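1. Here is a sequence together with a model predicted from it:
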Amino acid sequence: MNISELKPQGIWKSFHALTRVPRPSGHLEKIQTFLLDWAKSNGFEAFKDNAGNIVVRKPATPGFENRKMVTMEAHMDMVPQKTAESTHDFLNDPIETYIDGDWVKAKGTTLGSDDGIGVATAMAVFEDNDIKHGPLEAIFTVDEETCMYGVNNLRPDTLKGEILLNLDNETEGEFIIGSASGVDVAAEMTYTPEASIAGGKAVKISVSGLNGGHSGLEINVGRANANKLLANIAKELLSQGCNLASWEGGDMRNAIPSRGNIVVVVEAAKVEAVKAVVAKWEQTYRAEYKGIEDALTVSATETEEPTAIVPADVALNITKAVLAVAVGPYRFIPSMPTIVETSCNLGIVAVAGGKAEADVSVRSSCDSKLDELALSAASAFELAGFTVEYKGKYPAWQPDFGSPLVAKVREVYREVNGEDCVVTVCHAGLECGVIKTVYPDMDAVSFGPTLRSPHTPNERCHIPSVEKYYNFVVKLLENI
């Protein structure tokens with residue numbers, strides 16, 4: 001069965017259409033054109049704003065003209081992650097989906113349900129003339145996954161809505177009314193490569209099979225970070241006279257890195273000793289992450305010798321900096337001790353050709369703790385000789401549990417489903433916090449169907465939850 005045949009068909013048909021259009025962060029020209037063409041073909045008012053966001057509007061259902069305008073919001077970009085075996089080209093190839101029981105998945109790549117399901121929801125609502133609603137607008141934002149560029153450059157005169165429905169949460173029945181702030185700590189240094197040792201052998205040490213995951217929503221489940229695993233191995237090998245040639249770990253600041261590799265150059269007689277060290281660490285890691293990372297693999301294979309290596313003192317400083325950065329939860333919210341307040345993810349380490357880079361994503365719902373942990377990460381790299389820059393800072397979204405919208409959400413959810421919903425805050429960085437700095441009077445809530453493992457090739461969308469979620473959306477629009 002094609003996913004466009006699933007129910008409710010309107011939302012799945014739209015989502016299937018989105019999977020045909022490449023839309024990795026930073027490369028959104030095709031999806032922007034697609035959305036403008038879709039709006040034009042349906043006769044909706046639409047435009048691209050100064051930041052590249054697409055805004056679409058639809059008049060109220062007759063008799064609902066005096067209702068408050070609702071803004072439906074979702075981001076159009078997706079995280080481009082794939083398995084080591086995948087040959088997928090995110091700039092040109094469609095996402096290939098399939099149905100596995102109650103889940104929709106993708107073949108070897110991220111699914112793009114984060115936040116394609118949100119975009120598809122708005123498309124389905126706009127296309128369905130049987131839904132009763134007040135005046136509607138939708139904004140599809142750009143590059144949420146990298147720097148929130150779309151909302152960070154939102155102008156005060158772009159939107160007209162008084163109520164914001166952010167369609168970017170990942171557990172059905174859970175309504176988010178507050179989220180963390182965040183900042184990207186970007187570290188960079190240059191070094192002068194040295195000639196590789198005469199008669200040396202190169203060994204590529206690879207960490208693979210990790211789950212990875214969303215660096216906000218899944219930072220507290222104990223998953224391994226490939227860069228941290230490699231750092232322990234690198235430190236031991238450097239102490240035994242090995243030479244670092246390169247390091248490649250992770251490719252997204254906001255994804256827990258699921259794989260990576262370093263290349264070391266050693267005297268031919270030491271190759272077996274290197275392999276023994278790697279085998280020892282694999283056993284250690286398998287024991288440490290038993291039940292969490294059961295597919296974890298650490299391998300050592302001889303490879304073509306590089307022409308250059310990293311100077312020994314530089315290699316040691318880089319390794320120590322990576323070891324010094326604390327990853328995972330740093331503190332939980334004191335009044336809500338099951339929810340992470342502050343966390344750190346070392347998403348990217350790249351060393352080769354005279355340049356070393358690292359990218360750290362820090363999140364917190366407490367401004368002072370955000371600054372504290374960001375400074376800690378920055379200090380580790382500065383002491384190692386890096387230049388550090390803070391990028392893409394976004395604000396926290398402070399919750400209002402007594403808002404009229406929250407009351408309406410609770411009422412409608414119980415009417416539709418016969419049970420209470422959960423109203424809470426989350427550790428992810430949502431665009432609502434930025435939007436509310438531009439439109440402080442907007443009443444906002446974030447919700448969605450159930451997704452799991454976003455930002456990884458194991459991303460999946462729970463089919464039954466989509467219908468339950470969409471039925472609620474329809475009823476909420478009728479009652480606002």
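-> Ah, there it is.

2. Tell me the spacing between the closest residue to Pro395 other than its chain neighbours and Ala255.
-> In this structure, Pro395 finds its nearest non-sequential neighbour in Gly433, 4.6 Å apart by CB to CB, 6 or more residues apart in numbering. C-beta coordinates here come from the backbone N, C-alpha and C atoms, glycine included. Distance, Gly433 to Ala255, by CB to CB, to the nearest Å: 20 Å.

3. more crowded one of the two?
-> Higher neighbour count among Gly433 and Ala255: Ala255, with 25 against 22, using other CB atoms under 10 Å.

4. and the gap between the more buried one and Cys461?
-> Taken as CB to CB, the span from Ala255 to Cys461 is 18 Å.

5. what's the spacing between stretch 196-206 and its chain's center?
-> 35 Å (CA atoms, centre = their mean, to the nearest Å).

6. Identify each buried residue in it, please.
-> By neighbour count on 16 or more other CB atoms under 10 Å, the buried set for stretch 196-206 is Ser196, Gly200, Lys201, Ala202, Val203, Lys204, Ile205, Ser206.

7. ditto for stretch 321-335
-> Those would be Ala321, Val322, Val325, Val327, Gly328, Pro329, Tyr330, Phe332, Ile333, for stretch 321-335 by 16+ other CB under 10 Å.

8. and these, which of them are in strands?
-> Judged by DSSP state E, strands contain the following of these: Gly328, Pro329, Tyr330, Phe332, Ile333.

9. tell me what the longest strand along the chain is packed against?
-> As assigned by DSSP E, the longest strand anywhere in the chain is strand 336-352. Contacts defined by 3 or more CB pairs under 8 Å, 6 or more residues apart in numbering; DSSP states H and E place strand 336-352 against helix 226-239, strand 243-249, strand 255-256, helix 312-324, strand 328-333, strand 355-364, helix 367-383.

10. Tell me which of those is the most buried.
-> Across the helices and strands packed on strand 336-352, averaging neighbours per residue (mean count of other CB atoms under 10 Å) puts strand 255-256 on top, at a mean of 26.

11. Could you pull up the mean pLDDT of it?
-> Taken as a whole, strand 255-256 has a mean pLDDT of 92.

12. List the contacts of that strand.
-> 79, 81, 210-215, 218-219, 223, 225, 345, 347, 455-456 (CB atoms under 8 Å, 6 or more residues apart in numbering).

13. Show the contacting residues for Ala84.
-> Ser208, Arg259.

14. what helix or strand is it on?
-> Assessed by DSSP states H and E, Ala84 sits outside every helix and strand.

15. that older thread, give me the angle between the longest strand of the chain and strand 355-364.
-> Counting by axes from the mean of the first three to the mean of the last three CA atoms, to 10 degrees, strand 336-352 lies at 170 degrees to strand 355-364.

16. Dump the C-alpha coordinates for strand 336-352 into PDB.
-> Taking C-alpha atoms only, strand 336-352 is exported to PDB below (Å, rounded to 0.1, in the frame of the first residue of the first chain):
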ATOM      1  CA  MET A 336       9.600  19.100  37.100                       C
ATOM      2  CA  PRO A 337      12.400  16.600  37.800                       C
ATOM      3  CA  THR A 338      11.500  14.300  34.900                       C
ATOM      4  CA  ILE A 339      12.200  17.000  32.300                       C
ATOM      5  CA  VAL A 340      15.700  18.000  31.200                       C
ATOM      6  CA  GLU A 341      16.500  21.600  31.900                       C
ATOM      7  CA  THR A 342      20.000  21.900  30.500                       C
ATOM      8  CA  SER A 343      22.000  19.600  28.200                       C
ATOM      9  CA  CYS A 344      24.900  19.500  25.700                       C
ATOM     10  CA  ASN A 345      25.500  17.600  22.500                       C
ATOM     11  CA  LEU A 346      28.900  17.400  20.800                       C
ATOM     12  CA  GLY A 347      27.400  17.000  17.300                       C
ATOM     13  CA  ILE A 348      30.400  17.400  15.000                       C
ATOM     14  CA  VAL A 349      34.100  16.900  15.100                       C
ATOM     15  CA  ALA A 350      36.100  17.200  11.900                       C
ATOM     16  CA  VAL A 351      39.900  17.200  11.600                       C
ATOM     17  CA  ALA A 352      41.800  17.000   8.300                       C
END
